[in-house]
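A.B. asks: curious how this folds, go ahead:
(2 chains)
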Amino acid sequence: MKISFDRNFDWHLFSLWAILVIFGIFAIITASAAKIGDDIVLKNYYWKQIIWFFISVIVFYLVLKIPLSVIDMLILPLYIFTVILLVIVLFMPAVNNAHSWLFLGGMRFQPSELAKMVMILLVSKLISKDHISELKMLYKALIGVIIPVTLILLEPDFGTTIIFWGSLVFMLMQAGFPLCYLVLLISPIIGVVFSFNWILFVIASLILIYYYYRERLSWVLIAFSSILNTFVFFLTPVLWNSLKSYQQNRIITFFNPIHDPLGAGYQVIQAKIAIGSGQVFGKGFLQGSQKNMNFLPEHHTDFIFSVIGEEFGFIGAFLLLLIFYLFFNRIIYLIKVVSKKEYKIAIAGIFSYLLLQTFINIGMNLGVLPTTGVPLPFISYGGSNLLINSFAVAMVLKYSVYKEL
Amino acid sequence: MKLQSKLVIIYRVLLGIIFLLLSITLFYLQIAKGEHYKEIAKRNYVRIRRIEAARGVIYDEKLNPIAENNPSINLYFRPHLIKNKDDMADFVTSYLPISRESIMKSIYDYRFLRFNEVLLYENITYEQMAVISEKLNYFPELFFKVETLRSYTINNHFTGYVGRINSDEYAIYKEDGYKINSLIGKAGIEKYYERILSGKAGYEVIQVDAHGRSLNIFKENLSKEPENGLHLVLNINLDLQKYINEIFPQSIAGAVVVMNPRTGGVLAYSSFPEYDQNIFASPISTEDWVNLRDNPKKPMLDRVINGSYPPGSTFKTVTGSFGLEKGYINSETLLASCIGGLKIGNRFFKCWTSVGHGRTNFVTALKISCDVFFYDLSKYFKIDEFAAFVEKNHLVEKTGIDLPYEKKGFFPTTEWYTKRLGKYYGSHGIKANLSIGQGEVLVTPVQLCAYFSALANDGVWKKPHLLKKAIGDKTLLYEELENNEGVRLPVSIDHIKLLQDGLWQAVNGAGSTGGAARVPGVNVYGKTGSAENAHGTSTHAWFACYAKWEEPELAVVVFLENAGHGGSMAAPIAGKIISYYNKHIRDK
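C.D. replies: Alright, predicted model coming up:
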């Protein structure tokens, strides 16, 4: 089959990607500026990001030029390399209490970023084979994911591991792993989540049982799963009470930052004030008072959405949401039209990994999700982050050349 | 393909839900609540202000302050506002006695904690502040804060002192809201009752304007009132404590402990030489530190709980009561005749006087402090049984007084001798030496005082303690914090009475060694001690006693390091203390 590169290249997705990055550069320019009196002081973040943008374009070009077979060959060595980096990073000095940054010369880089992409590429290869049993599929997928996740938990960076599990679920789903089994595997979480209220737990359990019944799951499995969930439900308070109060506090603060207004909760209050005060039209480019007064924390990285909300208002922030929506919607379209099963799985993994980061970050800025150090893809300042995310988009574009028309 | 189209629908629905949720929230914040947030953002900004809790005051039993809080002006800087660190260091060093290196070190130490407030110098005088303030607008990173300085009204060893938290303490205490600049008890009562004294800082979420001036509380329910620390009321009587400081000979190192035998409360607690712990309140100068550290009399050593010494003849009550309990002797038994000493093996063990006491019974032996009686008695002893008996009299284990870093006493066992000498010979000579409180046996003054308290209290041993109660938002009695039930000594009440008789004779009998401690109108029971030791030419002088009116009210231990005989050096001081208590404190 002769593939015509020019004809099949998905210009839609490429343009949406470029718009997002350019939007991000403007956001970083304003986020790195401080207005003192009438003077505007710019820090050098934005031009670094512009350089990273050009590097990303080069990566795009390379990914599209290199034959897929070569990339396939590189996946396993790349995976081993990433695991080594994840081990090395544990011996690096901690930043914000986590050993997640690798320092190299004047540069710094999070190996966990690379690990996400490599894990997706590896697992999609492992589970895409035809006639593979569900059990085998599951254990192959777990092999690919368990090593990086364990190492990242040691850093510790809980937020990043959520994205790993999320991507894994999507990839299994795409590989044809029955949905009801996935639900079965995830369901013990309800025992934890509803451990404070037994009525909600019973309702959730009944809904699940009805769902399993509809899916014609065997009664043995249903009974086993229900007993396991109930066990988790009763065990959670016991485990919880065996923790010391400061340990409990850490966990509460993790899931509910407002609980600790001196710490992470302070950031959320500030982010909400910045976004809210932007109102419909925003305060204008470089004019955000919350940002200028330095009340907004981490405003060029994790809280950049707040700067956008404050300066560009509802119109600007909603526009950004819309571009993201179109971007993800295009990826869904590509999952549909791409020909090979392996590519579908990989794109589904990339889709979920980018979507989860976007959701977690914006949700955190809006104060509806807990604060975890997850940056906003393509927008937040950070070279390695932009590079990896762009590499992910480049891979999607590479796969999408193999369209089923 | 059915599955594929189903999956695409799932993805589309999920994407739709996520972006709908985010859009609705965005709409709510910016359009529905936009005015509200705009109001906050336009004039006001939110900051969290910490409200420090006041540290509890330490009082004596009459509520005279021993440790109190005075205002102190401290100079701080904010690292992120530094424009030129060399200029700042030049400026600060030209007005305050602080070295350039220590400023640079602070800046370096906080290079990753740039938004913190870092303490530069404490307890600045008003004059210095006035001069510095004139030029402060050139250095926006510098600012003053009025905080409190702990000060102590009397030099003593039991209150300890407070200092800035160090990194090890911070690791433990940060969960309780301590900051990197917090003050924390470093020794004594200040350390032991740190959590009661410190209280808990509160905070309020306030709105500040663009200049950082605070306007008002942002949200009432986000604020938290500080919980002030509780004040401590000690059993210490400050008048008695000061009187003891006056009468104790200036040039001699030593210790005095005064306890109430019935409660265990400590009325006076002195270790000489005392030192002024106020010098630890602000950064201590190298000169002061070297003087303190290298002083041959070791003023920093708390001899009451950290000094362990051979008890000398004060230990004869223990030896005698062991003999009585084991039935080796009774009140009538006469042992070997004292001819100024006793020959044991090839060696002649001298009595303290060469006069010779003849054959004595136990009470007389205590009265005249005849060593030979106890030398002879010790031949019956098994060393491990004796060691166990000493331990049960609370002379080895820590007493559990409410102070940190208490030291244990020591009494040797077969096992110890085997380790030290390779073999234990069980010789009579070793036991004879131990029987008069010489050799390897060591006790701390507080252990001895608790032991004599127990003798006064008819054999019930009480844990010595300084704290009477904590007062403030709530009242906590010492008994609520720690178990203060008495423990019986392993001595029968008949034998206790016999010991008491001997101790009374040792002060009031004809030819007694403790006559200098007699006080008219008060029954004083006591025992002298002169302990030979490796550290000096003259003996340690001991006097341990208790005083009884209708009930025993006072147990006193006086200890003077290398000062001579207990009867001539220590007993008069104990007498004066009891006399002072009788005249000025009792019935008032």
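
A.B. asks: how about the residue in chain A positioned nearest to chain B: what's its closest non-neighbour residue?
C.D. replies: Relative to chain B, the nearest point of chain A is residue A:276 (2.6 Å; C-beta to the nearest C-beta). No exception for glycine: its C-beta is placed from N, CA and C like everyone else's. Excluding its sequence neighbours, the residue lying closest to residue A:276 (C-beta to C-beta, 6 or more residues apart in numbering or on different chains) is residue B:37, at 2.6 Å.

A.B. asks: which residues touch the one you found?
C.D. replies: A:272, A:273, A:275, A:276, A:277, B:29 (C-beta atoms under 8 Å, 6 or more residues apart in numbering or on different chains).

A.B. asks: any idea which helix or strand comes after the strand or helix carrying residue A:55?
C.D. replies: Per DSSP states H and E, residue A:55 falls inside helix A:45-65. Using DSSP H and E, the helix or strand that follows helix A:45-65 towards the C-terminus is helix A:68-89.

A.B. asks: any part of the following helix or strand past that following helix near chain B?
C.D. replies: Using DSSP H and E, the next helix or strand after helix A:68-89 towards the C-terminus is strand A:102-104. No - Strand A:102-104 lies out of reach of chain B by C-beta under 8 Å from any C-beta of the partner chain, never closer than 13.5 Å.

A.B. asks: strands paired with strand A:102-104, and their directions?
C.D. replies: strand A:107-109 (antiparallel) (DSSP bridges).

A.B. asks: on that earlier part again, could I get the contacts of residue B:37 as CSV with distance to residue A:340, pLDDT and neighbour count?
C.D. replies: As requested, the contacts of residue B:37 are exported to CSV (distance: C-beta to C-beta, whole Å; pLDDT from 0 to 100; neighbours: other C-beta atoms under 10 Å in any protein chain shown):
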residue, distance to residue A:340, pLDDT, neighbour count
A:272, 45, 80, 21
A:273, 49, 80, 26
A:275, 42, 84, 33
A:276, 47, 82, 29
A:277, 49, 80, 27
B:29, 43, 87, 28
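
A.B. asks: quick one: which of those is nearest residue B:137?
C.D. replies: Lowest distance from residue B:137 to the contacts of residue B:37 (C-beta to C-beta) belongs to residue A:273, with 29.8 Å.

A.B. asks: where are the low-confidence patches of the chain?
C.D. replies: Using chain A here. Within chain A, the set of residues satisfying pLDDT under 70 comprises A:1-7, A:33-44, A:95-98, A:105-107, A:244-267, A:286-299, A:404-405.

A.B. asks: right idea, wrong chain: chain B
C.D. replies: For chain B (pLDDT under 70), the answer is B:1, B:41-48, B:111-116, B:206-222, B:282-283, B:536, B:588.

A.B. asks: can you find the residue of it that comes nearest to chain A?
C.D. replies: residue B:37 (2.6 Å).

A.B. asks: residue A:319 versus that residue, what's the distance?
C.D. replies: Using C-beta to C-beta, to the nearest Å, residue B:37 is found at 20 Å from residue A:319.

A.B. asks: which residue packs closest to residue A:381, ignoring adjacent ones?
C.D. replies: residue A:300 (4.4 Å).

A.B. asks: wait, isn't the one you found in contact with residue A:375?
C.D. replies: No - counting by C-beta atoms under 8 Å, residue A:300 stays clear of residue A:375, with 10.1 Å between them.

A.B. asks: what's across from residue B:555 in the sheet?
C.D. replies: residue B:259, residue B:546.

A.B. asks: next, count neighbours for it.
C.D. replies: Applying other C-beta atoms under 10 Å in any protein chain shown, we find 32 residues neighbouring residue B:555.

A.B. asks: touching, the residue of chain A closest to chain B and residue B:31? I think so.
C.D. replies: No - contact between residue A:276 and residue B:31 fails when scored by C-beta under 8 Å: they sit 9.4 Å apart.

A.B. asks: circling back: now, the contacts of residue B:37 that are in strands?
C.D. replies: Per DSSP state E, strands hold no members of those.

A.B. asks: want to throw these into a markdown table with distance to residue B:474?
C.D. replies: Listed next are the contacts of residue B:37 as a markdown table, based on distance: C-beta to C-beta, whole Å:
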| residue | distance to residue B:474 |
| --- | --- |
| A:272 | 39 |
| A:273 | 39 |
| A:275 | 44 |
| A:276 | 42 |
| A:277 | 44 |
| B:29 | 44 |
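
A.B. asks: any idea how far stretch A:323-333 is from the middle of the chain?
C.D. replies: Stretch A:323-333 has its C-alpha centroid displaced from the chain centroid by 15 Å (C-alpha atoms, centre = their mean, to the nearest Å).

A.B. asks: contacts for that stretch?
C.D. replies: For stretch A:323-333, using C-beta under 8 Å, 6+ apart, the contacting residues are A:10, A:12-13, A:16-17, A:19-20, A:23, A:347, A:350-351, A:354-355, A:358, A:396, B:8, B:11-12, B:15, B:19.

A.B. asks: ok, longest helix in the chain?
C.D. replies: Because you didn't say which chain, this covers chain A. helix A:304-337 (DSSP state H).

A.B. asks: not what I meant, chain B
C.D. replies: Under DSSP H, chain B gives helix B:2-27 as its longest helix.

A.B. asks: and that helix, how far out from the chain's middle?
C.D. replies: 66 Å.

A.B. asks: residues near residue B:399, how many?
C.D. replies: Neighbours of residue B:399 (other C-beta under 10 Å): 24.

A.B. asks: one more: residue A:193?
C.D. replies: Around residue A:193 there are 15 residues (other C-beta under 10 Å).
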